[in-house]
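**Q** build me a model:
(one chain, ligands or ions: 1)
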Amino acid sequence: MIQTISEHIKGKMILAPMLNTTDHVFRKLCRHYGAALTFTEMASSSMIASGSTQAARYAAISRQEHPVGIQLFVDNMARLEEAIEEINPLQPDVIDINAGCPSDKVCSHGAGAALLANLPELQEIIKAVKRYSHAPVSVKVRVADRHSRIPVRDIARAVEDAGASFLTVHARTRYDRYEEPARWEWIAEAVRAVNIPVIGNGDVFTSDDARRMMRETGCHAVMVARGALGTPWIFAGKEDALLDASAVRSILLQLVRELDACYGPIVALPRASKHVAWFTRFFEGAEQLRVDVFRCRSMPALISTVNRYFDTNPARLDPGSEELKAVEDAFHRRILFWAEMDTEDVVG
Ligand SMILES: Cc1cc2nc3c(=O)[nH]c(=O)nc-3n(C[C@H](O)[C@H](O)[C@H](O)COP(=O)(O)O)c2cc1C
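**A** Residues are numbered from 1 along each chain as shown. Model prediction:
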């Protein structure tokens, strides 16, 4: 179990929690490439307490995959103890509190980024989780709530004072979309304010970005979300080694098959379709493939569609081309197809 991140985590790059994405199968792939720590997708504490199978799936971790953190958004203080009792037997290395999710569905329960305007409540949550579990507690925050104008240093100190073992700062406000560049100076401000390790997060798409973030902010480690989608080898620092179509095909198909084996087609199909879009975005003809794959109604149909595409031996898009620039722009802003409603099904 992690006591301090610097002592126990070998490596400096961490896979971010991502809803409907950082399941056991994708975490395993990122760990294979060197992710030093991974996180589950966020799960509602009240749904875990209620025994929801979906929430249990979000929070599930396997014995082989340490170190791994379970992320919770705390939408019902009264049932937090029950939720943590459900989680304790899984022996997570960290329990992470989500204090950054900007979705109205989450914030309307006083959870996620709503906690940034209510630091005493955030502190209560940290202390309560520490009371109910031996696992270290971390917190993932966004920055200054535009209305409350609480500076990030105050957020960081509140998190430290309540006893959190480390803090992750996603350097955007609750109201910023991905169009707004992450403001790494806020990470540096948090680093200066506290003694606990601070993990920086926001707009790291290459291992060079990661090194630059560490240099410019002094953060202890870097958390990567979009930069790992379709490019999990970012954790090996090899994202610049351009993989050819046949290598991408075999990594992608293995991921797709494991998703199917692990979760069954109803859960696996939408997840696999997104991975197809992410992994193939650097290749010619991927736009039509995305259309075709999102129309598939079964895993065998998806696998045949992917095989038919790779049988054409698609070439990589020219690195300087307008087409690749447009694809990467759409990916950075909306991960190609953003679904705002993704959070709907996790809030009870
Ligand atoms: C598909 C997707 C799902 C996400 N789900 C979560 C989540 O469950 N919990 C969370 O704290 N952040 C979530 N985030 C935010 C990321 O963890 C991260 O803070 C944000 O994307 C900025 O990092 P990046 O610039 O590396 O993408 C999600 C982001 C994406 C793209």
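
**Q** the ligand contacts on this protein?
**A** If contacts are counted using Cβ under 6 Å from any ligand atom, the residues of the chain sitting beside the ligand are 16-19, 21, 41-42, 71, 98, 100-101, 140, 170, 201-204, 224-227, 335. Any C-beta I mention is one placed from the backbone N, CA and C, and that applies to glycine too.

**Q** among those residues, which lie within helices?
**A** For these, not one is inside helices, with DSSP state H as the criterion.

**Q** now the strands for the stretch 51-200 of the chain?
**A** Per DSSP state E, counting those that start in this stretch, the stretch 51-200 of the chain has strands spanning 68-73, 94-99, 137-143, 166-173, 198-201. These are given in chain order.

**Q** packing partners of the shortest one?
**A** Meaning strand 198-201. In terms of contacts (3 or more Cβ pairs under 8 Å, 6 or more residues apart in numbering; DSSP states H and E), strand 198-201 is packed against strand 166-173, helix 184-193, helix 207-217, strand 221-224.

**Q** what would the ones you listed look like in TSV with mean pLDDT and mean neighbour count?
**A** Conversion of the helices and strands packed on strand 198-201 to TSV gives the following (pLDDT from 0 to 100; neighbours: other Cβ atoms under 10 Å):
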stretch	mean pLDDT	mean neighbour count
strand 166-173	96	26
helix 184-193	97	21
helix 207-217	95	17
strand 221-224	97	26
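
**Q** if we can go back for a sec, can you select the buried ones among the residues of the chain next to the ligand for me in ChimeraX?
**A** Here the buried members of those are turned into a ChimeraX selection, burial being counted by 16 or more other Cβ atoms under 10 Å:
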select :16,17,18,19,21,41,42,71,98,100,101,140,170,201,202,203,204,224,225,226,227,335
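
**Q** so Ser138 touches Gly163, yeah?
**A** No. Between Ser138 and Gly163 there is no contact under Cβ atoms under 8 Å: 10.9 Å.

**Q** which of the two has more residues huddled nearby?
**A** Neighbours were tallied for Ser138 and for Gly163 using other Cβ atoms under 10 Å; the higher tally belongs to Ser138 (27 against 15).

**Q** how close does the more buried one sit to the ligand?
**A** Noted for Ser138: a distance of 11 Å to the ligand, by Cβ to the nearest ligand atom, to the nearest Å.

**Q** re the thing from before, got CSV for the helices and strands packed on strand 198-201, with distance to Val94 too?
**A** Formatted as CSV, the helices and strands packed on strand 198-201 follow (distance: least, Cβ to Cβ, whole Å):
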stretch, distance to Val94
strand 166-173, 8
helix 184-193, 18
helix 207-217, 20
strand 221-224, 12
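
**Q** Phe310: what's it in contact with?
**A** 245-246, 249 (Cβ atoms under 8 Å, 6 or more residues apart in numbering).

**Q** equivalent analysis for Leu324, please.
**A** Contacts for Leu324 (Cβ under 8 Å, 6+ apart) come out as 282, 317-318.

**Q** mind running it again at 10 Å?
**A** Applying Cβ atoms under 10 Å, 6 or more residues apart in numbering, one finds that Leu324 lies in contact with 281-283, 316-318.

**Q** so can I have TSV of these showing pLDDT?
**A** Compiled in TSV, these are given as follows (pLDDT from 0 to 100):
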residue	pLDDT
Arg281	96
Phe282	94
Phe283	97
Arg316	94
Leu317	95
Asp318	93
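
**Q** residue ranges with poor pLDDT in the stretch 151-300 of the chain?
**A** Within the stretch 151-300 of the chain, the set of residues satisfying pLDDT under 70 comprises 238-242.

**Q** mind redoing it with 50?
**A** Along the stretch 151-300 of the chain, no part satisfies pLDDT under 50.

**Q** show me the contacts for the closest residue to Ile84 other than its chain neighbours.
**A** With Cβ to Cβ, 6 or more residues apart in numbering as the measure, Tyr132 is the residue that lies nearest to Ile84, at 3.9 Å, once sequence neighbours are left out. Applying Cβ under 10 Å, 6+ apart to Tyr132 gives the contacts 80-85, 87-88, 95.

**Q** check Ala156 too.
**A** If you count contacts by Cβ under 10 Å, 6+ apart, then Ala156 has 139, 141, 143, 164, 167, 169, 186-187, 189-194, 196, 198 around it.

**Q** ok, so of those, who is nearest Ile155?
**A** Closest approach between the contacts of Ala156 and Ile155, by Cβ to Cβ: Val141, at 5.6 Å.

**Q** quick one: which helix or strand includes the closest residue to Cys262 other than its chain neighbours?
**A** Excluding its sequence neighbours, the residue lying closest to Cys262 (Cβ to Cβ, 6+ apart) is Val25, at 5.4 Å. Assigned by DSSP states H and E, Val25 falls within helix 24-32.

**Q** mind listing what's buried in that helix?
**A** Judged by neighbour count (16+ other Cβ under 10 Å), helix 24-32 contains these buried residues: 24-31.
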